[in-house]
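Asker: Give me the fold of what follows.
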Amino acid sequence: MDEVEGERLARSKGEGRQASGGNGEEDRGWMAPGEGWVKLNVDAGVKEGVGVGIGGVCRDSSGKVLWGMAARRLEVWEAHVAEAVAVLEGLQEAAKAGHTTVIVESDCSQVIDGLKLRKKGRSVFTLVVDDILRLCNSFSSVVFSHVSRKNNEVAHALAHMLPVVSGRSVWYEMLPDVAQRYISLE
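Answerer: You can find the predicted model right below:
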């Protein structure tokens, strides 16, 4: 991997991609990545007595859904650990799909900050961050960006499909209705 960038890449009017500061918090709606990039939005939801739901959706520079995933994990984690696992599982799926330049968006600032700072330690959270950073070596470039929940609604819907989803499901090109309707609203 060439680099793990800490800034959000935004698509500018016909000029490809451009590095941009900020945390992506404005409620601009979901924005397509630059040409040659895919954008992976991930989210997690912790539901007491049910487990953890993980969701992710990957789209190309035209906004076309390439794939989506949802998983149910029985482990009981703190929310930020679940969100970090969502990033890890999303990137694992992106690697399987052969993507090389990926923008990862999450609405969990603790995870994005931990990745940008390359947080080290022995907690479950920092071990997952370490796994994510190690996995980044299989990509040409990975960008981590914090976005508002409004800009992460499709992944949020997939993560909150519990208990409907059991185990792990991956959909190609078309998502379940619960998530598809959010794409239609963008």
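Asker: Going by C-alpha atoms from here, please, whenever you check contacts or count neighbours.
Answerer: Fine.
Asker: Need the pLDDT of residue 51.
Answerer: Note on residue 51: pLDDT of 85.
Asker: Does it touch residue 79 like I think?
Answerer: No: Residue 51 lies out of contact with residue 79 (Cα atoms under 8 Å); the separation is 11.1 Å.
Asker: which SSE is residue 133 in?
Answerer: helix 124-135 (DSSP states H and E).
Asker: now swap in residue 169 and tell me
Answerer: Element membership for residue 169, per DSSP H and E: strand 168-172.
Asker: who touches the helix holding residue 133?
Answerer: The contact list for helix 124-135 (Cα atoms under 8 Å, 6 or more residues apart in numbering) reads 80-81, 84-85, 87-88, 91-92, 111, 114-115, 118-121.
Asker: for this structure, where's the lowest mean pLDDT among helices and strands?
Answerer: None of the helices or strands of the chain scores lower by mean pLDDT, DSSP states H and E than strand 17-20, at a mean of 28.
Asker: What's the first helix or strand after that one?
Answerer: Assignment by DSSP H and E places the next element after strand 17-20 at strand 38-47.
Asker: ok, residues contacting that next one?
Answerer: 32-33, 52-61, 76-79, 82-83, 86-87, 90-91, 99, 101-107, 152, 154-156, 159-160.
Asker: what distance separates it from the middle of the whole chain?
Answerer: Computed by Cα atoms, centre = their mean, to the nearest Å, the chain-centroid distance of strand 38-47 equals 5 Å.
Asker: Stretch 75-91 too?
Answerer: For stretch 75-91, the separation from the chain centroid amounts to 10 Å (computed by Cα atoms, centre = their mean).
Asker: residues making contact with it?
Answerer: 40, 42-46, 51-52, 54-56, 69, 104, 106, 108, 110-111, 124-125, 128-129, 131-132, 135-136.
Asker: follow-up on the earlier one: the strand holding residue 169 - what's its average pLDDT?
Answerer: For strand 168-172, the mean pLDDT works out to 89.
Asker: what's the next secondary structure element after that strand?
Answerer: helix 177-185.
Asker: and that following helix, C-alpha only, in CSV?
Answerer: C-alpha atoms of helix 177-185 as CSV (Å, rounded to 0.1, in the frame of the first residue of the first chain):
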residue,chain,number,x,y,z
ASP,A,177,-35.4,-3.3,0.1
VAL,A,178,-34.6,-2.0,3.6
ALA,A,179,-31.4,-0.5,2.3
GLN,A,180,-32.3,0.1,-1.3
ARG,A,181,-34.9,2.7,-0.4
TYR,A,182,-32.2,4.9,1.1
ILE,A,183,-30.2,4.8,-2.2
SER,A,184,-33.4,6.0,-3.9
LEU,A,185,-33.6,9.0,-1.5
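Asker: What are the buried residues along it?
Answerer: Buried residues in helix 177-185, defined by neighbour count with 16 or more other Cα atoms under 10 Å: 179, 183.
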